[in-house]
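Novice: Next input, structure requested:
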Amino acid sequence: MSLDSVLVTSRGLCQIACLAWFIYDYFLTLDDEIEHIWFRKFNLTSGLYFSSRILSFVMLIIGAVGATRTYELSPAQCSIFHWVEGIGSMIIFVNTQLVLQYRLWAIYDRSMKILLLNGALFVVECAAAITICSMFYAKPSQASGTMALPHSDMGGESCITAPPMQWHLSSSAVNTFLVYELWLVALAVIRTVQTRRLLNISGQRSLTEVVAYDSLIYFVLIVMSVLAVILVWIFAPVYPGFAAICFTRAAGGIGASRLILHMRAEAKARKEQTFSQPECIGVSIQLSSSPDNGTMRLVRARPSLANTDSPRPSVTSLNSLHQQRPSITSLVSASVLVSCAAASPVTMRGTSPPKHASALPPV
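Specialist: Numbering: from 1, shown residues only. Down below sits the predicted model:
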């Protein structure tokens, strides 16, 4: 029987709740999107932002429409529907992980080692997820079918999902994404610890810390949504069952867009603070075993990792140091920051100002 009626079911309510959450968050961040995306030059970050927003919205619309209307469906058609939903969810996760990788590559001084390592693990992750999904969706009779919708006087047919004993396979596919994102969070935290050993920041966090904090918050958001889905799968694996997976799609789209918006807002705020306090300068004194026995570097203070569209900090080398240290065979350095009252003093230790002080590509 073919019906063109809107049905109220637990499956449909799950999908509607996910769509409402996504739309609500979009309007909350619309002003930030206009300021930091629409009026900025289009680049890779903008592309990742729009792809995350648009793809998540399209997948949530498909799920909501498919869950609230009934049609005369065959098992083959249901299989196609589940493949579309599964592939769409994977693309949303992948898109968000590209955002996370892009930020990590930047705070690691655009390291090729980090880029290649994360890229290789990313390929392994995708291959594992695709393999698990292929096992799960291999037989349409096991992954989908048609049945009368319960709790409805309307009758009709709708796609169902896996039998009760199959939920753990699909959850394993999601877990592969969680393991990789946990790895990305660990890298961000490690870099933050390394940065704090080089830079003593007071008054505000460095952008490296912002990246790590955002990554951690996003990871917690995704974990909470996945745990909620797994609990639903355990207690109601078939119905509503996989309808709850839409919460992970919504969380992925919301998290990815907020990661980008927050980073651009932080960068703009630090850029404006720098221009309003141009008198703050940093002085770095560097001793070495060179013929001059030393150099002095004057670094004009620009926020590390903040103004990512600006060139690197200007460095002026001065011949100085009246004391000779011929016994020095390795590089010894010290640095001092002269700052105004409102600026954040930064004390640097190391051979030179850290490269990641201006390493972020345009965001």
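
Novice: Domain boundaries for the chain, per the record?
Specialist: Taking automatic domain parsing as the reference, the chain has its domains at 10-274, 279-358.

Novice: worst average pLDDT in those domains?
Specialist: Note on these: lowest mean pLDDT is at domain 279-358, with a mean of 39.

Novice: For the stretch 1-150 of the chain, which segments are assigned as helices?
Specialist: For the stretch 1-150 of the chain, applying DSSP state H, counting those that start in this stretch gives helices covering 10-28, 30-33, 44-68, 75-107, 112-137, 140-143.

Novice: Of all the ones you listed, which one comes closest to Gly252?
Specialist: With respect to Gly252, and counting by C-beta to C-beta, the nearest of the helices of the stretch 1-150 of the chain is helix 75-107 at 4.4 Å. Where you see a C-beta, it was placed from the backbone N, CA and C, and this is true even at glycine.

Novice: what comes up buried for that closest one?
Specialist: Residues of helix 75-107 classed as buried under the neighbour-count rule (16 or more other C-beta atoms under 10 Å) are 75, 78-79, 81-82, 85-86, 88-93, 95-107.

Novice: try stretch 30-40
Specialist: Asp32, Glu33, His36, Ile37.

Novice: Hmm, Leu178 is touching Ser225, no?
Specialist: No - with contacts counted by C-beta atoms under 8 Å, Leu178 stays clear of Ser225, the gap being 10.5 Å.

Novice: Count the residues that sit near Ile234.
Specialist: For Ile234, the tally of surrounding residues (other C-beta atoms under 10 Å) stands at 12.

Novice: re the thing from before, looking at Leu178 and Ser225, which has the bigger crowd around it?
Specialist: Ser225 (23 against 17).

Novice: Would you enumerate the residues in contact with the more buried one?
Specialist: Phe247, Thr248, Ala250, Ala251 (C-beta atoms under 8 Å, 6 or more residues apart in numbering).

Novice: Closest to Ile114 out of the residues you listed?
Specialist: Ile114 lies nearest to Ala251 out of the contacts of Ser225, by C-beta to C-beta, at 25.7 Å.

Novice: So the closest one versus Ala120, what's the distance?
Specialist: Distance check for Ala251 against Ala120: by C-beta to C-beta, to the nearest Å, it reads 26 Å.

Novice: out of those two, which sits in the more crowded spot?
Specialist: Using other C-beta under 10 Å as the criterion, Ala251 and Ala120 rank with Ala251 on top: 26 against 10.

Novice: So the more buried one is in contact with Val223, correct?
Specialist: No - counting by C-beta under 8 Å, Ala251 does not reach Val223; the two are 9.4 Å apart.

Novice: Overlap of the contact sets of the two?
Specialist: Common neighbours of Ala251 and Val223 (C-beta under 8 Å, 6+ apart) do not exist.
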